[in-house]
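Enquirer: Could you work out the structure for the sequence below:
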Amino acid sequence: MTMASEFLLPDLGEGLTEAAIVAWLVAPGDMIAVDQPVVEVESAKSIVELPSPYAGRVESLHAAQGEVVRTGSALLTVLSEAEIAESGAVLVGYGTAESTKKPRRATGQRFGRAPAEASTRPLVGDASAVHPSAADPRRSPVVSPLVRKQAREHGIDAAQLTGSGPDSLVLRSDVDRAIAALEDTLAPAVGPDTSASKSTSTSVDDVHIPITGMRKLIGARLSRSRSIIPEATIWLDVDATELFVARDRLRKSTGEKFGITALIARFVVAGLAEYPILNSSIDDTAGEIIQHSSIGLGIAAQTARGLMVPVIHNAGSLTTRGIRDAVEVLVARAGNGDYTREELNSGTFTLNNYGSFGIDGSTPIINYPEVGMLGVGRIIDRPWVVEGELSVRKVVTLSFVFDHRVCDGDVASGFLTFVARCIEEPLTLLGSI
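Expert: Numbers count the residues shown, from 1 in each chain. As a prediction, the model looks like this:
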């Protein structure tokens with residue numbers, strides 16, 4: 001009797017419990033080797049290729065492209081070469097030698113395209129968008145399986161929409177518009193929901209967006225942080241005029257560009273060296289504060305996949321130029337949010353520059369299990385008193401939120417004023433490095 005082996009979705013770490021199938025790299029009947037990549041999956045943090053722990057022939061795939069699979073669920077079934085021989089499935093003279101053909105993707109899977117699906121719900125104003133005719137073979141790229149899933153749940157084939165992203169990439173907003181148009185047509189045929197069990201008023205025009213993937217992970221982490229950490233927030237207005245002067249002088253003397261965020265990041269690293277208790281995390285199980293020897297400086301980034309915090313590892317060992325280069329690399333990839341798992345792990349402190357959103361201050365939620373986060377608001381011209389005289393200066397508001405279990409206000413205030421002094425008088429930092 002033969003026993004097939006099932007490859008289960010492994011634990012992806014970081015509290016992740018599910019992933020969506022982006023693309024299959026093999027098909028039933030293919031011969032595969034141990035550690036051969038067989039599937040691409042998208043978790044709430046990144047897209048990764050998973051290698052097979054088994055060698056043999058792929059018997060079946062247990063999930064369709066775009067389907068969400070939970071940790072521990074079967075991805076595919078593999079029959080070993082010995083089991084193939086025992087089953088008599090191999091023709092005499094051909095043996096079970098491994099196939100020389102390369103792993104293959106199904107047609108359209110390179111861009112995450114799902115097969116065309118029949119639908120009983122026509123898209124308003126454009127029936128071909130859901131029911132394409134033979135004369136209209138148009139297929140738009142849809143990278144995110146979560147976008148495809150949202151479309152399918154409303155009877156729409158996302159690959160038939162005209163995407164507003166780069167190279168006609170279909171985005172979530174495109175699907176939202178298609179759903180809204182569809183609901184507008186269905187509205188006259190559907191009466192208002194008068195169910196007494198509804199706790200809030202709903203309308204047929206409402207768009208229901210599943211809380212999945214990155215949004216689900218963000219919500220869980222922030223809720224956990226807010227429920228566990230007794231946080232406190234302090235803030236300070238800072239004259240940043242000399243910081244811009246120092247930046248311009250650096251550019252002139254080195255011929256290189258140095259961004260304001262990179263310079264502030266350097267000050268934060270110096271501040272953590274002065275107040276190392278803030279470079280910590282709390283082990284709630286052991287009841288311990290773990291003061292880290294290495295600084296993993298997280299840079300909060302708004303991406304197409306949601307808020308992410310890629311990390312500059314060993315930031316304490318980097319020069320100002322090294323931190324500048326690391327920040328540029330992370331910022332350049334923020335658009336797609338295609339950070340690796342390693343880049344999103346091992347953060348010990350977070351810098352959040354929300355000034356780009358046009359706001360002055362905030363009370364940010366700590367990135368658990370860290371114990372502090374520094375927020376930087378917009379830098380604007382404001383009236384400021386300098387040596388008894390009123391003048392116009394460039395002013396920024398710093399917001400610092402900290403875990404009160406780790407320290408009291410004196411330590412938090414010391415750290416914040418240290419960073420503030422570095423911004424007001426950048427040469428001050430020379431005394432600390």
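Enquirer: Would you agree Arg148 is in contact with Val68?
Expert: No: if you go by C-beta atoms under 8 Å, Arg148 and Val68 don't touch, sitting 10.9 Å apart. (C-beta placed from N, C-alpha, C; glycine too.)
Enquirer: Between those two, tell me which one has more neighbours.
Expert: Set Arg148 next to Val68 and count neighbours by other C-beta atoms under 10 Å: Arg148 wins out with 25 against 18.
Enquirer: and the gap between that one and Ala19?
Expert: Noted for Arg148: a distance of 14 Å to Ala19, by C-beta to C-beta, to the nearest Å.
Enquirer: For the helix or strand where Ile21 lies, which strands pair with it and how are they oriented?
Expert: Assigned by DSSP states H and E, Ile21 falls within strand 18-24. The strands beside strand 18-24 in its sheet (DSSP bridges) come out as strand 37-42 (antiparallel), strand 68-70 (antiparallel).
Enquirer: Would you mind finding the most buried of those?
Expert: Of the strands paired with strand 18-24, the one with the most neighbours on average (mean count of other C-beta atoms under 10 Å) is strand 37-42, at a mean of 22.
Enquirer: which residues sit against it?
Expert: For strand 37-42, the external contacting residues (C-beta atoms under 8 Å, 6 or more residues apart in numbering) are 7, 9, 19-26, 32, 47-52, 58, 69, 75-76, 103, 144-146, 213.
Enquirer: out of the strands paired with strand 18-24, which comes closest to Ala420?
Expert: Ala420 lies closest, by C-beta to C-beta, to one member of the strands paired with strand 18-24: strand 37-42, at 40.9 Å.
Enquirer: Helices of the chain, start to end?
Expert: Ranges of helices within the chain are 81-87, 145-152, 172-186, 213-228, 241-254, 260-274, 320-332, 409-424, based on DSSP state H.
Enquirer: Need the ones you listed in a markdown table (columns: mean pLDDT and distance to Asn345).
Expert: Below are the helices of the chain laid out as a markdown table (pLDDT from 0 to 100; distance: least, C-beta to C-beta, whole Å):
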| stretch | mean pLDDT | distance to Asn345 |
| --- | --- | --- |
| helix 81-87 | 70 | 37 |
| helix 145-152 | 69 | 22 |
| helix 172-186 | 71 | 26 |
| helix 213-228 | 77 | 13 |
| helix 241-254 | 93 | 31 |
| helix 260-274 | 95 | 18 |
| helix 320-332 | 93 | 14 |
| helix 409-424 | 96 | 24 |
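Enquirer: Can I get the ones you listed in CSV including distance to Val385?
Expert: As requested, the helices of the chain are exported to CSV (distance: least, C-beta to C-beta, whole Å):
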stretch, distance to Val385
helix 81-87, 82
helix 145-152, 52
helix 172-186, 46
helix 213-228, 38
helix 241-254, 13
helix 260-274, 23
helix 320-332, 30
helix 409-424, 13
